[in-house]
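In: Curious how this folds, go ahead:
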Amino acid sequence: MAKVVYTAEATVTGGREHGHGKTSDGALDVQLRPPTEGGGTNPEQLFAVGYAACFEGALGVAARRERTEVGDASIDSKVSLVSTEDRGYTVAVELDVTLPQVQDPEQAKQIVAAAHEVCPYSNATRGNVEVKLTANGQPVG
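Out: Residues are numbered from 1 along each chain as shown. Here you go, the predicted structure:
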């Protein structure tokens, strides 16, 4: 049986248009606004930060398994809201990963691909959300 490692708790009122979101510990407290309006944060921004932070942790796991150092990894994350043909919505993700201590392009791609296999966000979205990865400027996969 799966063991829960951590559970985040948050409450949102008012939705994405003019809402408010707050975590149970009060560490995150944001006004929610549509991307075109400003004056707040939108869910896509929150997802972009969350995915990048999670992926950075997965990079550490992948690097340890490869017995290598990746240095101070940097991840530029883009999350796009995409309309579907059936008048619904989905998201698409781009993660541009920079591994300053990994000079070999193939090794960098291997580490990013391995991180994509262990990252909880990657596993949660696999097969449902398009995710494009780059490692030190090179496409992965």
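
In: Just the terminal-to-terminal distance for stretch 113-123.
Out: Chord length of stretch 113-123, first to last residue, is 12 Å (CA to CA, to the nearest Å).

In: quick thing: my sequence starts at 5, can you match it?
Out: From this message on, residue numbering opens at 5, which makes the last subject stretch 117-127.

In: Of all the residues in it, which ones are buried?
Out: Of the residues in stretch 117-127, Ala118, Ala119, His120, Val122, Cys123, Tyr125, Ser126 count as buried by neighbour count, 16 or more other CB atoms under 10 Å. Just so you know, the C-beta spots here come from the backbone N, C-alpha and C atoms, and that holds for glycine as well.

In: ditto for stretch 88-99
Out: Buried-residue list, stretch 88-99, by 16+ other CB under 10 Å: Val95, Val97, Leu99.

In: What is the lowest-pLDDT residue among those residues?
Out: When the buried residues of stretch 88-99 are compared by pLDDT, Val95 scores lowest at 95.

In: Looking at strand pairing, list the partners for that residue.
Out: Leu85 (DSSP bridges).

In: what's the single longest helix in this protein?
Out: helix 47-70 (DSSP state H).

In: list the helices and strands it packs on?
Out: strand 78-87, strand 93-102, helix 109-122, helix 124-129 (3 or more CB pairs under 8 Å, 6 or more residues apart in numbering; DSSP states H and E).

In: how about 10 Å then?
Out: helix 19-22, strand 23-27, strand 33-36, strand 78-87, strand 93-102, helix 109-122, helix 124-129, strand 134-139 (3 or more CB pairs under 10 Å, 6 or more residues apart in numbering; DSSP states H and E).

In: now that helix against helix 109-122, angle please.
Out: Counting by axes from the mean of the first three to the mean of the last three CA atoms, to 10 degrees, helix 47-70 lies at 120 degrees to helix 109-122.
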